[in-house]
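1. Okay, predicted coordinates and the sequence, questions at the end:
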Amino acid sequence: MNKTFCRILFLLSAIIFANQLVGAPSEKNTCPTVKIVAEQLPDMNTPRAGHVAFCVNNEIVVVGGHTSGFVPTAAAEYFRDGKWHPMQAVYPHDNGFAVRLNSGKVLIAGGHDQALGIGQSFVAEMYDPVTHTFDGFGCLDKKRSLANGALLTDGQVVIAGNHYADDCIEVFDGKKAFTFAKNVEQFRAAPIVLPTADGDALILGGADERDHPLFTPVVDRLKRPALNVPLLQTWRPLPTDIPTAHSCSLHQPAPCPHGEGRTISLLPVQNKDGQVAVVMVRDTVFTLLPTQCPVPMKSQWGAIVWGSPIVVDSNARCAYMTGFDSTHRLCILRIDLNSLLSTKPSSLTLFYTDPTTEIGSAMPILTPEGNLMIAGGIIDSNFHPLRSAWLLRFAPATAAATGVPVWFWVLIAVAALALVLYLIIIYKRREKRGEKSGERKEKIEERSETAGSGVTALLQSVCELMESEKMFLDKNLRISDVATILKTNTSYLSDSINKEKGLSFSQFVNSYRVDHAIQLMRQHPGEKLSNVALASGFANETSFFRSFKAITGMAPREWIKKQ
C-alpha cells in the first residue's frame, strides 16, 4: 500500500468522522429534519374538498367532493402533461369512496346527497381511465357517506362505514351487483378497510356514527366473527375524515414462514396521551412498528397535528404521513421500510415546508414518479375549499438536511471519486499481470456448477410466485423485483428461465399475461381488447398484440373468431 493510497484513506476516514459529528442530532431519540420545497402546480378547474383522489393509468384523478358554498359537485379532472383536464362524473360524491378493480377501472360510490355534508346516497359509477369516461350503473345496498372499500383477492369489493346512519357490511361482485353481507358489531364513519391474504377483510378505526372518536379494540371482519385486539385498547387508529381506500396498505409478496398471509398494512395510531405511532398489521396480527425515534409531535416552531393515512411507496420501500404544525408548515414523515420484516427499527425523517396558507388538508397522492401531490382540500372552512395543487419532490436534489453545509457533501464526493479512481488504476495493473485471471475462472466454474443444481428449484419458485401473487399484472414488473423477493441475483434468475424455458424474462412474464388475457376474453367476450391488455399487465395494446401472436400464433381478434 503506497503513500498516496494511505493519504486518501486518512482523508476519507476524517470526513466520515466529521460527518458523524455534524450530522448527529442535538438530542437523543429525535429524528432528523429536512426542509423541502412545495412546488405549486397549475390550479384545478374546480375548488374542492371531500373528493376522492387516486393515481390510475399513470394519471392523478380527482372526482366529486364539494365546492364553494359547501355544495356537492360532480365535476372531475385528471392531471397530465402539466395541466388539469376537466371531466364530468355522473353523480356528485361528497365524502364518497373509490376502489380500483382488477379490470383497471375504478368504482366510485356513496357520499352526501345534500349540501353542507348532510345525508347519504346510493349512487355508484365506474370510471374508465383509458377513455376518461364515467358510467353510472347501479346503487349500493345501503345509502352511505364516509364509507370505505377494499378489493379482495377474488376481485370482489368489501364496503363498510356510514355517517349519521346505520352501518353494515356489503359486497360488490366486481361487475354490477351490491349485496348485503352482515351486520357490524361497531358502527363506524370513515373506517379503515384492510384486505387479508386469505380473502377476508378487517374493518376498524374511524369515528362512531355521530362523529365521536372511537377507542375500541373491536375489529369487524367480513367472513369471520369480530376480533378483539388488545393493542387497540392502548392505541387507536388516528382519526381522519380523509378517504383511505388503497392508501394505507403495503402488499408484501415475499413468502412468509409457517404459511402465514402475505398482506402487511401500516396504520397511524394515537394513544390517550396524544402520542402518534405506527402499527403494522400482518393479516390479523397487530404490532407496533419499531422505529429509531418516536414519531415527532412538534417541530421547532410548534406542535404537529398528524391528519392523513400512511401512503406507501412499494418501489422506494418507504411510506409517508402528512400533517401541519402550529405555524401551518406542512410536515411529512417519511418511514424507511427496508427493515420492515426484520427486528431492526425503521428510521424516520421529518420533512417540513415554509409556512403556507395555500396547502389544504387533503389526501396525499403518490405520483408514478414517487413524489407526493396534494390537490384541493380546506384550510379552515368547508365553505371555501381550495383549487390549488402542490407537488413534493423527494429526489435528493430537492431536499437538503438541516445543519450540514453543501461544501461538506462536495468534499465527500471528491474524496470518494479519488478513491474509486485509485482502485481502478490498481485493478488494471493487476489485471495486466494476470494476477486475478485464475481466481475469476474458478469463480465462474463454481457459479456454473451451483446454477446447474439449483436452476429447477429456482424456476419452480418463480412460477409459484407468478401463480400465487399474480405479479405479472404489474406492468412495471422488473426482473430485479423478482430476484429481490427470491433472494437471488438477476443473472442467475435470467439464466434459470432461459435454460428451463428457453425464454427471456420478458417473454416468460408475457406468457402469463397472455394466459390471463385469454381467461378474461373467455369470461367477458364483449370486453374491449384495450381493457383486456391493461387488466392483464401489458403497458399498451401494441405490446399485447405482439406477445399474443408470438405465443398463440394468431392475433387476438383471430383467436376470438375461432372460439
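-> That came through, no problem.
2. The nearest residue to Q114 once chain neighbours are set aside pairs with what?
-> Once flanking residues are discounted, Q114 sits nearest to P72: 7.5 Å by Cβ to Cβ, 6 or more residues apart in numbering. C-beta coordinates here come from the backbone N, C-alpha and C atoms, glycine included. P72 forms beta bridges with H66, as assigned by DSSP bridges.
3. can you pull the contacts of P72?
-> The contact partners of P72, by Cβ atoms under 8 Å, 6 or more residues apart in numbering, come to 64-66, 92-94, 111-115.
4. Quick one: buried ones out of the residues you listed?
-> Buried by 16 or more other Cβ atoms under 10 Å: 64-66, 92-94, 111-113, out of these.
5. Could you work out the most separated pair of those residues?
-> The largest separation in those, counting by Cβ to Cβ, is between G65 and D113 at 13.9 Å.
6. which residues of the stretch 401-550 of the chain fall in helices?
-> Assigned by DSSP state H, counting those that start in this stretch, the helices in the stretch 401-550 of the chain fall at 406-433, 437-469, 479-485, 490-501, 505-523, 529-535, 541-552.
7. what helix or strand is C55 on?
-> Secondary structure assignment for C55, by DSSP states H and E: strand 52-56.
8. Downstream of that strand, the next helix or strand is which one?
-> strand 59-63.
9. partners of that following strand in the sheet?
-> strand 52-56 (antiparallel), strand 75-80 (antiparallel).
10. returning to that earlier point: and the buried ones among the contacts of P72 as CSV, adding pLDDT and distance to S536?
-> Compiled in CSV, the buried ones among the contacts of P72 are given as follows (pLDDT from 0 to 100; distance: Cβ to Cβ, whole Å):
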residue, pLDDT, distance to S536
G64, 94, 30
G65, 94, 33
H66, 95, 37
P92, 93, 33
H93, 93, 29
D94, 93, 35
G111, 94, 32
H112, 94, 37
D113, 92, 37
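11. Between those, which sits nearest M466?
-> H93 (36.1 Å).
12. Test my guess that the closest one contacts V106.
-> No. Counting by Cβ atoms under 8 Å, V106 is not a contact partner of H93; they are 11.5 Å apart.
13. Confidence-wise, which of the strands paired with strand 59-63 is weakest overall?
-> Ranked on mean pLDDT, the bottom entry among the strands paired with strand 59-63 is strand 52-56, at a mean of 91.
14. secondary structure class for the residue nearest the centre of the chain?
-> With distances taken as Cα atoms, centre = their mean, V312 lies nearest the centre of the chain, 3.7 Å away. Per DSSP: H, G, I helix; E, B strand; the rest coil, the local secondary structure of V312 is strand.
15. that older thread, redo the strands paired with strand 59-63 as TSV? Include distance to A533 and mean neighbour count.
-> Output for the strands paired with strand 59-63, formatted as TSV (distance: least, Cβ to Cβ, whole Å; neighbours: other Cβ atoms under 10 Å):
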stretch	distance to A533	mean neighbour count
strand 52-56	15	22
strand 75-80	20	21
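16. Select, out of the ones you listed, the one closest to V532.
-> It's strand 52-56; of the strands paired with strand 59-63, that one is closest to V532 (Cβ to Cβ) at 16.7 Å.
17. How about residues contacting the closest one?
-> With contacts defined as Cβ under 8 Å, 6+ apart, strand 52-56 is touched by 60-65, 93, 96-98, 100, 104, 106, 108, 127, 129, 243, 245-246, 362-363, 365-368, 375-376.
18. what's the longest strand in this structure?
-> strand 133-144 (DSSP state E).
19. Report the mean per-residue pLDDT for that one.
-> 94.
20. For the stretch 1-150 of the chain, just list every one of the helices.
-> Using DSSP H, counting those that start in this stretch, helices in the stretch 1-150 of the chain cover 3-23.
21. What is the least confident helix or strand in the chain?
-> The weakest-scoring helix or strand in the chain, judged by mean pLDDT, DSSP states H and E, is strand 249-251 (a mean of 35).
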